[in-house]
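J.: I would like the atomic coordinates for the input below:
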Amino acid sequence: EDLVLYSAFSHRGVLGDPAAVYRRAREIAPHLRGVWVVRDPERARLAGLLPPGTEYVVPGGPRFRQLAARAAYFVNNVNWPDVPGKRPGSVHIQTHQGTPLKYMGADLLGKPGARHGVDVPGMLRRADRWDHSLVANRHSELVWERAYPCRFGSARTGSPRNDVLVGAAPDAGAAVRARLGVPADHTVVLYAPTRREYRRGGHVERFDPARLAADLGEGHTLVVRLHPSLAAGPARGLGLAELHRRGVLVDATDEPYAEDVLLAADVLVTDYSALMFDYANLDRPIVVHADDFDAYTASRGVYFDVRAEPPGHVARSYRELAWLLASGTWRDAESARLRAAFRARFCEFDDGWAAERV
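T.: Sure, this is the predicted structure:
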């Protein structure tokens, strides 16, 4: 029947590319019945990840097994750990979680630290269920086919969640800024670091965010968004929550939709986060802070050297980062040239119609 099971980020709620596909399907294919698999409905509801009226099911129960046995389509941005063997005739769509910079799938076999706790053979067995793997660029297509040497076909749809970013108006993030308490005339600097595999817990504070907020000076607001895996970890207890409470910066880690935070930013500062590929769709400046690239590469592995093919200027120390932002170099002609080349390569299939294609 026309039943679609959706899930995102291990059943956290209505998020990511699956959410974008779900919303578009409700508009142009209302005959499809979309049901979300949500592990903790109450927590998801409180976090804004389960909108009113959304049909959902809790994984593992009899109703979930009944729906899984009847569903025609399965849409997820991770693997389905609790779905039995693939039923003949069903279609599994893997949206992924963005363009890969760091090693994934089978490539983790050579990185013991990064694959700790990850059942790579089991991951590949589940990936064999995929029928379609969504890609935003040919780089992703090649990487997914290498990292998951399975039987799926690559679909050059673009990333559905990025539809809202493509061609967004300059004031598209105004409502988000207001919700975050950012003055309308401020320049918003978004700092979005990723996790590290070479440190237990994944959090490594590369510089003091309070210092960066101070160095940015008047007329600027520093917004920090940690990697989702660090949201409930010690990083929040190392002063970020307190700095937010005191108004030194804005902690946007708990904002449910990353796209909203990206829309609110005038410039992205990141290290090796996949958010850089999404943010590039806005054609706004990006600064890469790569002061531990060698350690990150040794522990996790990367598919290309982002310092050699960056989306903007690269800082190899906090001093360089502070200078780039204070001098205005972050938005100069060279930054625009680097960003244009990056966008041509990595925003290749993102044209605002990805969700509709799916």
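
J.: Now do the strands in the stretch 51-200 of the chain.
T.: Remark: strands assigned in the stretch 51-200 of the chain by DSSP state E, counting those that start in this stretch are 56-57, 73-76, 91-94, 132-134, 153-155, 187-192.

J.: If you could redo that for the stretch 201-350 of the chain, that was the one I meant.
T.: Taking DSSP E, counting those that start in this stretch as the test, the strands found in the stretch 201-350 of the chain are 220-224, 250-251, 267-270, 286-289, 314-315.

J.: Make JSON lines out of those strands and add mean neighbour count and distance to Leu230.
T.: In this view, the C-beta of every residue, glycine as well, is placed from N, C-alpha and C. As requested, the strands of the stretch 201-350 of the chain are arranged in JSON lines below (neighbours: other C-beta atoms under 10 Å; distance: least, C-beta to C-beta, whole Å):
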{"stretch": "strand 220-224", "mean neighbour count": "23", "distance to Leu230": "11"}
{"stretch": "strand 250-251", "mean neighbour count": "22", "distance to Leu230": "12"}
{"stretch": "strand 267-270", "mean neighbour count": "25", "distance to Leu230": "14"}
{"stretch": "strand 286-289", "mean neighbour count": "25", "distance to Leu230": "16"}
{"stretch": "strand 314-315", "mean neighbour count": "20", "distance to Leu230": "21"}
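
J.: Looking at the ones you listed, which is nearest to Val306?
T.: strand 286-289 (5.9 Å; C-beta to C-beta).

J.: Show residues contacting that closest one.
T.: Residues outside strand 286-289 that contact it (C-beta atoms under 8 Å, 6 or more residues apart in numbering) are 193, 206-207, 267-271, 276, 279-280, 306-307, 310-315, 318, 321, 324-325, 330, 335, 339, 342.

J.: need the contact list for Arg343.
T.: Here Arg343 is in contact with 280-281, 283, 311 (C-beta under 8 Å, 6+ apart).

J.: Counting neighbours, which of those residues end up buried?
T.: Taking 16 or more other C-beta atoms under 10 Å as the criterion, what is buried in the contacts of Arg343 is 280-281, 283, 311.

J.: So which bits of the lowest-mean-pLDDT helix or strand in the chain are buried?
T.: Least confident helix or strand, the chain: helix 240-245 with a mean of 87, by mean pLDDT, DSSP states H and E. Neighbour-count burial for helix 240-245 flags 240, 243-244 (criterion: 16+ other C-beta under 10 Å).

J.: With stretch 327-345 instead?
T.: Buried residues in stretch 327-345, counted by 16+ other C-beta under 10 Å: 329-331, 335, 338-339, 342-343, 345.

J.: Closest one of those residues to Gly53?
T.: Using C-beta to C-beta, Arg343 is the member of the buried residues of stretch 327-345 that sits closest to Gly53, with 36.8 Å.

J.: State the distance from the closest one to Asp2.
T.: Here Arg343 is placed at a distance of 37 Å from Asp2 (C-beta to C-beta, to the nearest Å).

J.: Kindly report the same for Met276.
T.: Met276 sits at a distance of 37 Å from Asp2 (criterion: C-beta to C-beta).

J.: re the thing from before, export the buried residues of helix 240-245 as a markdown table, with columns for distance to Tyr257.
T.: Shown next, in a markdown table, are these (distance: C-beta to C-beta, whole Å):
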| residue | distance to Tyr257 |
| --- | --- |
| Leu240 | 20 |
| Leu243 | 23 |
| His244 | 19 |
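
J.: What is the nearest of those to Arg126?
T.: Lowest distance from Arg126 to the buried residues of helix 240-245 (C-beta to C-beta) belongs to Leu240, with 34.5 Å.

J.: Specify the beta-bridge partners of Val224.
T.: Bridge pairing for Val224 (DSSP bridges) gives the partners Tyr191, Asp251.

J.: Hmm, Ala252 and it touching each other?
T.: Yes: assessed by C-beta atoms under 8 Å, Val224 is found in contact with Ala252 at 6.7 Å.
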